[in-house]
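Visitor: the sequence and its predicted three-dimensional model are supplied below.
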Amino acid sequence: MSSRRRYWLMKSEPDAFSIDDLARVGTEPWTGVRNYQARNHMRAMQVGDGVLFYHSSCDVPGIVGVATVASAPYPDPTQFDRKSDYYDPKATQEQPRWDLVDVSFERKLKRTIALNEIRDQADALGEGFSLIQRGSRLSVIPVTAAQWKLLLSLE
DNA sequence: GCCAACGTTGGC
DNA sequence: GCCAACGTTGGC
């Protein structure tokens, strides 16, 4: 059973893990997501899905690269690690709470597609795009094929 | 089950 | 550094 390729936007703080870091390592497990909605989006991911890599909490927040989903969802190992910032005492090996996927570098954009430019496209992107919804903090966001195409056309 | 308090996110 | 918005926690 497979379905067509889906698209996502994933936020990262460049001080913690940037598009250049992803370019260097090639593939990275997306650890540390501790929000149920974001987790559920990762659970819906399939190998080969497209990812817009977004830099948050920085000088120019925006989309900086393209990546791909490189694994099926699996339990985030940091939830079991007492020494990790992401340790979750309520998670067990038998009943993990947090899943993640591996993400692979595809390319870095020639320039940052800034959040304020994305906002200018609000009408074309449509109502449901939570990146530009007021107060939204969701770090893993579904993107439609049309939104994907539009956003990358801004490069 | 309600809701106040608290912690976090993230743009500015 | 500020603060609005949101999610989670825990007392009742």
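Guide: Arrived safely. Keep in mind it's a predicted model, so treat the numbers as computed, not measured.
Visitor: in chain A, which residue sits closest to DNA strand C?
Guide: Residue of chain A nearest DNA strand C, by C-beta to the nearest atom of the strand: residue A:135 (2.1 Å). Yep, even glycine has a C-beta here, placed from its N, CA and C like the rest.
Visitor: quick one, phi/psi of the closest residue to residue A:50 other than its chain neighbours?
Guide: Using C-beta to C-beta, 6 or more residues apart in numbering and skipping the chain neighbours, the partner closest in space to residue A:50 is residue A:7 (4.5 Å). Reported as degrees, to the nearest 10, the phi and psi values for residue A:7 are phi -130, psi 150.
Visitor: correct me if wrong: residue A:7 contacts residue A:141.
Guide: No - using C-beta atoms under 8 Å, residue A:7 makes no contact with residue A:141, being 9.7 Å away.
Visitor: so where does the residue of chain A positioned farthest from its centre fall, helix or strand?
Guide: Distance to the chain centre peaks in chain A at residue A:94, reaching 26.2 Å (criterion: C-alpha atoms, centre = their mean). Taking DSSP states H and E as the definition, residue A:94 sits outside all helices and strands.
Visitor: let me know the pLDDT of it.
Guide: We have a pLDDT of 88 for residue A:94.
Visitor: same question, residue A:83
Guide: The model's pLDDT for residue A:83 equals 87.
Visitor: and residue A:153, how many residues sit next to it?
Guide: For residue A:153, the neighbour count with other C-beta atoms under 10 Å is 10.
Visitor: contacting residues around it?
Guide: Shown in contact with residue A:153 (C-beta atoms under 8 Å, 6 or more residues apart in numbering): no residues.
Visitor: tell me the confidence at it?
Guide: Note on residue A:153: pLDDT of 97.
Visitor: can you check residue A:4 too?
Guide: For residue A:4, pLDDT reads 87.
Visitor: what of residue A:126?
Guide: On the pLDDT scale, residue A:126 gets 86.
Visitor: ok, the one 4 residues further on next?
Guide: Model confidence at residue A:130, given as pLDDT, is 92.
Visitor: ok, so what distance separates it from residue A:122?
Guide: Distance of residue A:130 to residue A:122, given as C-beta to C-beta, to the nearest Å: 12 Å.
Visitor: returning to what we had before: now do the SS call for the residue of chain A closest to DNA strand C.
Guide: coil (DSSP: H, G, I helix; E, B strand; the rest coil).
Visitor: I figured residue A:33 hits residue A:43, correct?
Guide: No - checked against C-beta under 8 Å, the pair residue A:33 and residue A:43 is beyond contact range at 10.7 Å.
Visitor: great, nothing more from me.
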